[in-house]
Structures are given as C-alpha cells and as structure tokens.
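1. attaching a predicted model along with its sequence, questions to come.
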Amino acid sequence: MKLGIVGLPNVGKSTLFNSMTLGKAEAANYPFCTIDPNVGIVTVPDERLTKLTEMYNSAKTTPAVIEFVDIAGLVRGASKGEGLGNKFLSHIREVDAIVHVVRCFEDTNVVHVDGSIDPIRDIETINLELVFSDLEILERRIAKTGKMVKADKSLQKEVDVLQKLKDALEQGISARAVEFDTPEEKAFVDSLTLLTAKPVLYAANVAEDDLADDGASNEFVQRVREYAAKEGSEVFVLCAKIEEEISDLDEADKKEFLADLGVDGSGLDRLIAASYKLLGLISYLTAGPQESRAWTITKGTKAPQAAGKIHSDFERGFIRAEVVAYDDLMRLGSYNAAKEQGLVRSEGKEYVVKDGDVVLFRFNV
C-alpha cells in the first residue's frame, strides 16, 4: 500500500512524514522546502504476529508494510505549473490513496501560505487543482478517442464514460463519487489514474490540547469532519508535533507518554487503521518455524488469489487452504490442539479469506 501525503505548504506534512517513517524530509517554515518526494516504509503494528512468533518460535517475523510518499506542498495554480505543481501532481498519480494533511491549529510562529487558518478553504484549494489536472487529461482523451469513433464504433462507450466524468468534475463532483454501470466501465476509469478518483484520508493536524478529546472541541476539525462525511472520506486527528516528539521513544515509553496526554494510540496507529478501512484491506497470517508473516489483501479475496500474494505458483497450482482462526489458535495453544478440536478447516477455491485467518496453502505446480 502506497499513501501520498499532500497539503498546502507549512501544514505539517514533512513533520508528519518524519515522525512516522523516521525519515529525513526537510521540515521548514517556508513553502516548497520539499521538492522531490521523500519515500519511507513503515511496518504495520500487529500484536498477532508477535504471539505467533512466540508460539512457533519463528526465526523471522515479517509484518505488512505501508509506503509513505511525502509530496511537496501544492498551491493555487498547481495544475498550471504554479510552485512546480505539475511535477508534484504527477507524484500523486502513483499512490493508492491520498492522506490530505489539513492545518487545524493557530500558531503565529508558523506562517500559513494564505495568511489565515481555514481548513475547508485549504481543502478546496487542493481539490480544485486536482480537478483541473483531471479535466485536462479527460479533454485530451475525449478529443483523441472521439476522432477514432468513426472507424471503431465500440469506442463510443469510452467517450461516453469520459464525458460523464468530465461533466461531474465540472460540477465539482470528484471522480471517486461517480457511479458506473458495469465492472468494465469501472476498470476503464481506474486505468485513467485520475487524481480525484483516489480515496482520501483527511489528517486534521491539531495542537496538543486538542488531542485528548479527538478534536471534538476544535471547530476546525468539526468542519473537516462535516466536509469529509459528504464525500464519504475518512478523518483522523493527530498532532504532528507530538508524533515527532514520540518517534524516537521505545513502545513502552511511547504508550506512557500518550497515556499522560489522555490519548489512546499514536497518530500512526490511527492512520493505519483508517487506511485499511478506507481501502477495504485486511491481513491474513502465515506461521511456522522459519517465519511468521502478515499478508495484506482486499476484503473479499478468495483463497487462490490470497495464495498468489505469496507466490504466483501458489495461485496457479492451488489445491486447498488449511485455515484456523487466530483467536481459536491462541485459545487452544497450538495448531495440533486446534486440529484435534476440528477447528482447522480445509477450504477450497471459493473460500473468502477473513482477517486474522492463519493459513497453510497446499499447491502443486
């Protein structure tokens, strides 16, 4: 999973990126201190893996990972090249979802590119640039494909879909909110890599005092939540400054620090949970003496395709999946005990893998 962190300059993007990835992105009090995107990999915390490693005495533990891309601050006019905008917009096309950092705190020591704090204005500034960029792509594609329709009538369907998207964007409706009639139409839209088709997570960056009640008393956060609810996006609250302070602490000290603030879990934990929910992702687990590992799949994935995440041979030669629920395995204390209780199931090609399934795939190539 690749998440792109975007926002106006000086809203806390690079500070957030550094704290989550222990990266070295430049974070300074002026616009465009980030030019090329910084990339960092973080592991997905999963206590189940730790327990499986202990149970199997695994030589190696491999968690799922998320790749974060710190994309430079966008400004009004980015779609026309303002602030090196076109280059930055191209970086967004490569991510699975957008983490849109919005400033929801006052601080006279940190300048705002527009001179005042207004998260909805900031969101709409960036969204408008994404819309303009997508419209440019759609207009070029309509002109090109439209010329080919006389020779190939089947292309009219493509033109109709492109026009439907263009009409929606011109009305201020993002591509992700447009409904399509068939899976083929949806697949075609996905192939366009439109910026406004990408799922969005709004990260409301607040002051330390607003963390304990999850931003409930912060009017800026409430506005962001109302805005996100209308478009079906997720919102999570964090304080990038606090995330930076705890980034170097070990887990025990981190938990104690957050508990003192009245906060349950770090911003990174909340971001990961929100990302999985937004993208419809779950994790299944494999375990043994050599390795215990988490594998990220889309909810609804069937066993052969889940096996294919490990290796294409597993999917191609799939025979069956031997499955036990993580909770059952932990409760009984061993795989053999679960098997004796009839809780290890043999599942075929139509089985839909569930979050927390501990799976052994049988295959033959």
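-> It's in.
2. now do the same contact list for the spatially closest residue to T286 that is not a sequence neighbour.
-> In space, T286 comes closest to R293 once its chain neighbours are excluded; the distance is 5.2 Å by Cβ to Cβ, 6 or more residues apart in numbering. Bear in mind the C-beta positions are built from the backbone N, C-alpha and C, glycine included. Taking Cβ atoms under 8 Å, 6 or more residues apart in numbering, we find R293 in contact with 49, 61-63, 285-287.
3. filter these down to the buried ones, ChimeraX style.
-> Buried residues within these, by 16 or more other Cβ atoms under 10 Å, are selected in ChimeraX with:
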select :49,61,63,285,286,287
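4. what secondary structure does the closest residue to L249 other than its chain neighbours sit in?
-> Nearest residue to L249, sequence neighbours excluded (Cβ to Cβ, 6+ apart): F257, at 6.4 Å. Under the three-state scheme (DSSP: H, G, I helix; E, B strand; the rest coil), F257 adopts helix.
5. per-residue pLDDT, F257?
-> Note on F257: pLDDT of 89.
6. ok, back up a step: how near is the residue nearest to T286 to V131?
-> Distance of R293 to V131, given as Cβ to Cβ, to the nearest Å: 40 Å.
7. can you check Q305 too?
-> 34 Å.
8. looking at those two, which is more packed in?
-> Between Q305 and V131, counted using other Cβ atoms under 10 Å, the more crowded position is V131 (22 against 16).
9. is the more buried one within a helix or a strand, and which one?
-> Assigned by DSSP states H and E, V131 belongs to helix 119-148.
10. that older thread, helix, strand or coil for the residue nearest to T286?
-> strand.
11. pretty sure the residue nearest to L249 contacts D250?
-> No - with contact defined as Cβ atoms under 8 Å, F257 does not count as touching D250 (10.6 Å).
12. tell me which of those two has more neighbours.
-> F257 (15 against 7).
13. show me the helices in the chain, by range?
-> Secondary structure of the chain by DSSP state H: the helices cover 13-21, 47-56, 85-92, 119-148, 156-170, 183-191, 219-231, 240-246, 251-260, 267-279, 303-308, 312-316, 326-332, 335-340.
14. please identify the deepest-packed of these.
-> helix 13-21 (a mean of 25; mean count of other Cβ atoms under 10 Å).
15. in terms of secondary structure, what does that helix contact?
-> strand 2-6, strand 38-43, strand 65-70, helix 240-246, helix 267-279 (3 or more Cβ pairs under 8 Å, 6 or more residues apart in numbering; DSSP states H and E).
16. now P63: closest residue in space that isn't a chain neighbour?
-> Using Cβ to Cβ, 6+ apart, the nearest residue to P63 is T43, at 4.3 Å.
17. for that neighbour, what are its contacts?
-> 63-65.
18. that one bridge partners, please.
-> On the basis of DSSP bridges, T43 is bridged to V65.
19. need the pLDDT of it.
-> pLDDT, read off for T43, is 84.
20. circling back to that earlier point, among the contacts of R293, which lie within strands?
-> The strands, defined by DSSP state E, take in 61-62, 285-286 from the contacts of R293.
21. and those as JSON lines, adding distance to S266 and pLDDT?
-> Output for the ones in strands among the contacts of R293, formatted as JSON lines (distance: Cβ to Cβ, whole Å; pLDDT from 0 to 100):
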{"residue": "T61", "distance to S266": "20", "pLDDT": "94"}
{"residue": "T62", "distance to S266": "21", "pLDDT": "93"}
{"residue": "L285", "distance to S266": "23", "pLDDT": "97"}
{"residue": "T286", "distance to S266": "27", "pLDDT": "97"}
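22. quick check, nearest of the residues you listed to K13?
-> T62 (28.8 Å; Cβ to Cβ).
23. any idea how far D122 is from that closest one?
-> Applying Cβ to Cβ to T62 and D122 gives a distance of 38 Å.
24. then V149?
-> V149 is 41 Å from D122, by Cβ to Cβ.
25. for D328, same thing?
-> 48 Å.
26. E244 too?
-> Using Cβ to Cβ, E244 is found at 21 Å from D122.
27. the domain parsing of this protein - what is it?
-> With automatic domain parsing as the criterion, the domains of the chain are listed as 2-45+63-116+198-279, 129-196, 300-363.
28. quick one, which of those is nearest to N57?
-> domain 300-363 (11.8 Å).
29. now do the closest one: distance to the chain's middle.
-> Relative to its chain's centre, domain 300-363 lies at 26 Å (Cα atoms, centre = their mean, to the nearest Å).
30. thank you kindly, that will do.
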